[in-house]
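A.B. asks: Just the structure for this:
(one chain, ligands or ions: 3)
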Amino acid sequence: MIQISDGEGFLERTFLSPASFRATDVIISWMKDAGLTTWVDQMGNIHGRFEPSNSTDKALLIGSHMDTVIDAGMYDGALGIICAISALKVLRVTGKLQRLTRPVEVIAFSDEEGVRFQTTFLGSAAVAGILPESILQVSDKSGTTVQEALRLNSFEASAAALGQVKYSPESVGSYVEVHLEQGPVLEALRYPLGVVKGIAGQTRLKVIVDGSQGHAGTVPMKLRRDPMVAAAELVVTLEGLCKDPSRFLTYDEECGCFNEESLAGLVCTVGELLTWPSASNVIPGQVNFTVDIRAMDDLVRETIVASFSRIVMQRCDHRLVDCAVEHKHSAAATPCDPELTAQLKRATRSAVSAMAPGGHGHAGAESTATPVLMSGAGHDAMAMARLTRVGMLFVRCRGGVSHSPEEHVAEDDVWAAGLALLRFLDQHAVAEL
Ligand SMILES: NC(=O)N[C@H](N)C(=O)O
Ligand SMILES: [Mn+2]
Ligand SMILES: [Mn+2]
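C.D. replies: Ligands and ions are numbered 1, 2, ... in the order given. Model (predicted):
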């Protein structure tokens, strides 16, 4: 799937882009090869399902996302989809598919990263039934709405169509996702796989700063209303706020929720900054930038968001520029299901042991206990947790690097993940002979 890109020389595959439809065709072919019944739903999610003849059990869903960030690594999302389809292919070739006691369905979600519409989880939120109809009117940088983009690609793009995508809670037993860790912990522990205890909450904002556009050579510094300098001050201030909140919080904002533990995983990022008219000899008229704030503790994240919004208003007033803070997206911190996580842990132990020479633990693994991690990255499991219980299996990645072409997962570790998923399926969904 690395070659299926809208970018020249880099990987980019965003929601409903031309490359996303080429990837859809390839994923469908893989799903069919694994013996699955396939379809594409009204939000562009790709489904591959095996329905045992007389099962009354709730379905096991296994998935991840097919979309990417810009200049992405090739494993983020794709690894989980390929792992899931491969595991079912192995069940097929070993004759175990027919022994499944419950429906097992692979879902390749159409939009997890939220790059195009700054929304995220468009695909999984639709399956979970938590996508508001208002999402259809959100527009991308070109002004195209979600509804227009869907209709341009022959989707119905109506509230009724969104409703058709939704799964009923009583039809689903659990959701499992395999994903590269995107962090350095497993590499540091010299262990190929880990299970996820929970996923950090996240908020995405867009800050818009308006000033007086003007001539770079004739407007005296004292008479300027320069949105670029205001934005620059805000970006640096945001960094300080997340590094040491106590320096910036007012007495009212200091909710007593800040301590070493609750501040765990508090991070902020300004990934995108746009200016108009973007000419070297013009004082900008407008600057806008994105804000991504995450924390394991929702109260900490909400307090930081409120405090930063206050600071934006105060600093822009001081600089006589106008500003607005738009809330684009928020997702609460999400715990993974303890029982599902324990099952994934057992499956991981079994796979790692089976892969090591002599069965004494995976080559290079210093410990035999499967690491249990928190995830700072967001995942479709956050949306799916609103539908059913979720579990995640993390795969070690080189240097913890992700959202970069340097992203890399060792082949042995991919094998270990596939084996662990197979072991999990054996425990969870395949009838004994
Ligand atoms: N929705 C998201 O959080 N997308 C990515 N996985 C992220 O962590 O930014
Ligand atoms: Mn990602
Ligand atoms: Mn991802």
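A.B. asks: For ligand 1, see how far away the residue in the stretch 201-350 of the chain that ligand 3 sits nearest to is.
C.D. replies: Relative to ligand 3, the nearest point of the stretch 201-350 of the chain is Q202 (12.5 Å; Cβ to the ion). (C-beta placed from N, C-alpha, C; glycine too.) Computed as Cβ to the nearest ligand atom, to the nearest Å, the Q202 to ligand 1 distance reads 6 Å.
A.B. asks: could you pull out the strands for the stretch 251-400 of the chain?
C.D. replies: In the stretch 251-400 of the chain, strands defined by DSSP state E, counting those that start in this stretch lie at 267-269, 273-276, 282-283, 286-295, 322-331, 334-335, 372-375, 389-395, listed in chain order.
A.B. asks: could I get the ones you listed as TSV with mean neighbour count, distance to ligand 1 and mean pLDDT?
C.D. replies: TSV is the format used below for these (neighbours: other Cβ atoms under 10 Å; distance: least, Cβ to the nearest ligand atom, whole Å; pLDDT from 0 to 100):
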stretch	mean neighbour count	distance to ligand 1	mean pLDDT
strand 267-269	16	9	97
strand 273-276	15	17	98
strand 282-283	18	33	98
strand 286-295	22	7	97
strand 322-331	17	7	95
strand 334-335	18	11	96
strand 372-375	19	8	96
strand 389-395	25	12	98
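A.B. asks: count of neighbours near V138?
C.D. replies: 18 (other Cβ atoms under 10 Å).
A.B. asks: er, A216 actually
C.D. replies: 11.
A.B. asks: so what's the residue of the stretch 201-350 of the chain closest to ligand 3 bridging to?
C.D. replies: R294, A331 (DSSP bridges).
A.B. asks: Could you dump the strands of the stretch 251-400 of the chain into JSON lines with distance to R190 added?
C.D. replies: JSON lines is the format used below for these (distance: least, Cβ to Cβ, whole Å):
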{"stretch": "strand 267-269", "distance to R190": "25"}
{"stretch": "strand 273-276", "distance to R190": "39"}
{"stretch": "strand 282-283", "distance to R190": "53"}
{"stretch": "strand 286-295", "distance to R190": "27"}
{"stretch": "strand 322-331", "distance to R190": "32"}
{"stretch": "strand 334-335", "distance to R190": "27"}
{"stretch": "strand 372-375", "distance to R190": "14"}
{"stretch": "strand 389-395", "distance to R190": "14"}
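A.B. asks: export these to JSON lines and tack on distance to ligand 3?
C.D. replies: Converted to JSON lines, the strands of the stretch 251-400 of the chain look like this (distance: least, Cβ to the ion, whole Å):
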{"stretch": "strand 267-269", "distance to ligand 3": "15"}
{"stretch": "strand 273-276", "distance to ligand 3": "23"}
{"stretch": "strand 282-283", "distance to ligand 3": "38"}
{"stretch": "strand 286-295", "distance to ligand 3": "14"}
{"stretch": "strand 322-331", "distance to ligand 3": "13"}
{"stretch": "strand 334-335", "distance to ligand 3": "14"}
{"stretch": "strand 372-375", "distance to ligand 3": "10"}
{"stretch": "strand 389-395", "distance to ligand 3": "11"}
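A.B. asks: closest to K243 out of these?
C.D. replies: Ranking the strands of the stretch 251-400 of the chain by their distance to K243 (criterion: Cβ to Cβ) puts strand 267-269 first, at 9.0 Å.
A.B. asks: Show me the shaky parts of the stretch 51-200 of the chain.
C.D. replies: For the stretch 51-200 of the chain, no stretch is flagged by pLDDT under 70.
A.B. asks: ok, which stretches of it are helices?
C.D. replies: For the stretch 51-200 of the chain, the helices defined by DSSP state H, counting those that start in this stretch cover 78-93, 122-128, 146-152, 159-165, 185-189.
A.B. asks: Just put those helices in CSV and tack on distance to ligand 1 and mean neighbour count.
C.D. replies: What follows is the helices of the stretch 51-200 of the chain, written out as CSV (distance: least, Cβ to the nearest ligand atom, whole Å; neighbours: other Cβ atoms under 10 Å):
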stretch, distance to ligand 1, mean neighbour count
helix 78-93, 11, 22
helix 122-128, 9, 28
helix 146-152, 16, 18
helix 159-165, 18, 15
helix 185-189, 16, 17
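A.B. asks: Identify the residues contacting E113.
C.D. replies: Contact analysis of E113 by Cβ atoms under 8 Å, 6 or more residues apart in numbering lists T14, H65, D67, T68, V69, G77, T120.
A.B. asks: circling back: tell me which of the strands of the stretch 251-400 of the chain approaches E133 most closely.
C.D. replies: E133 lies closest to strand 322-331 among those, at 16.2 Å (Cβ to Cβ).
A.B. asks: Looking at the helices of the stretch 51-200 of the chain, spot the one closest to ligand 3.
C.D. replies: Here helix 78-93 is closest among these (Cβ to the ion), at 7.8 Å.
A.B. asks: What separation is there between the nearest residue to V401 once chain neighbours are set aside and P132?
C.D. replies: Of all residues not flanking V401 in the chain, E407 sits nearest, at 5.7 Å (Cβ to Cβ, 6 or more residues apart in numbering). Going from E407 to P132 by Cβ to Cβ, to the nearest Å gives 32 Å.
A.B. asks: of those two, who's got more company?
C.D. replies: Taking neighbours as other Cβ under 10 Å, E407 and P132 compare with E407 leading, 21 against 10.
A.B. asks: So which bits of the stretch 51-200 of the chain are right by ligand 3?
C.D. replies: Counting by Cβ under 5 Å from the ion, the residues of the stretch 51-200 of the chain close to ligand 3 are D76, G77.
A.B. asks: can you put the contacts of E113 in a markdown table and add neighbour count?
C.D. replies: As requested, the contacts of E113 are exported to a markdown table (neighbours: other Cβ atoms under 10 Å):
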| residue | neighbour count |
| --- | --- |
| T14 | 22 |
| H65 | 29 |
| D67 | 30 |
| T68 | 32 |
| V69 | 20 |
| G77 | 28 |
| T120 | 26 |
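A.B. asks: Next step: the residues you listed restricted to strands.
C.D. replies: Under the assignment DSSP state E, the contacts of E113 contribute H65 to strands.
A.B. asks: which ones are touching G391?
C.D. replies: 174-177, 195-196, 336-337, 340-341, 343-344, 381 are the contacts of G391 under Cβ under 8 Å, 6+ apart.
A.B. asks: give the contact list for G378.
C.D. replies: E112, T120, F121, I199, A200, Q202, R294, A331.
A.B. asks: Next: A125.
C.D. replies: A125 is in contact with L131, A383, R386, counting by Cβ under 8 Å, 6+ apart.
A.B. asks: what's the closest of the strands of the stretch 251-400 of the chain to E254?
C.D. replies: For the strands of the stretch 251-400 of the chain, the distance to E254 is smallest for strand 286-295, at 15.8 Å, taking Cβ to Cβ.
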